[in-house]
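Participant: the sequence and its predicted three-dimensional model are supplied below.
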Amino acid sequence: MHSIKINVGKTDEDLFMKSKWWGNPDMPEKFEVPDDLTFVCQIRCDEIAALDRDNRLPHKGMLYFFAALDYYFGNFDSYSPEDMYWSKDDIKVFYVEDIENQVFEQVVFVDDDDNPVAMKELKISFSEADAHCDGNKLLGEPYNREWEDWDAPYNGWTELLQIDSDDYDSCTLNFMDWGMLHVIISDKDLKNKYFGNVTSCICST
């Protein structure tokens, strides 16, 4: 088993309709976007196809990840999920298979004064990595989980995305003493390309 490492870096390149970390998502027109969650990343699936040797992920279209992260960015008056496993309102993954035959637009998140609030977008490159590697990644095994499996009813669920704590230019993302957020999905849903029933769990040592 292996994972797909997500390497991020600054760029002046236009990342519209490309894989990117933070920033604003490029969504189909009139797509209902959760404005109460932080946009984490969009993954253009044809960019990871060659690294997905077991054909577990979609190889065309776009994956989008949104999560309740304000508290972990240091905004301690903000909402934070209370349960160990997050609800469907706290973590959302969308999959748009057809990105060639519809119009997309960048959804710009703003505050009450119409000022943009998204962090500076970062360019993503992908590489194959060990299943248990740290950092941001797709698939593989959770780097810092100290028990063998997820608790029921999530036994055997697959790691879809691992989000690591990190220092960024304008802020710090810290999951409880430099832990990680693990977005997990059932094998059945992953096989059927259904992403409406994911959950997340923070692991920290």
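Facilitator: Yep, it's here. Numbers count the residues shown, from 1 in each chain.
Participant: list the residues that contact the residue lying closest to residue 150 once chain neighbours are set aside.
Facilitator: Nearest non-adjacent residue to residue 150, counting by CB to CB, 6 or more residues apart in numbering: residue 157, 5.4 Å away. Bear in mind the C-beta positions are built from the backbone N, C-alpha and C, glycine included. Residue 157 is in contact with 150, 184, 185, 186, 187, 199, counting by CB atoms under 8 Å, 6 or more residues apart in numbering.
Participant: for residue 129, give the beta-bridge partners.
Facilitator: Listed by DSSP bridges, the beta-bridge partners for residue 129 are residue 3.
Participant: cool, and residue 95?
Facilitator: Note on residue 95: beta-bridge partners by DSSP bridges are residue 63.
Participant: isn't it right next to residue 58, touching?
Facilitator: Yes. Contact between residue 95 and residue 58 holds when scored by CB atoms under 8 Å: they sit 6.4 Å apart.
Participant: can you get me the start-to-end distance on stretch 97-110?
Facilitator: In stretch 97-110, first residue to last residue: 27 Å (CA to CA, to the nearest Å).
Participant: now do it: distance to the chain's middle.
Facilitator: Relative to its parent chain, stretch 97-110 has a centroid offset of 17 Å by CA atoms, centre = their mean, to the nearest Å.
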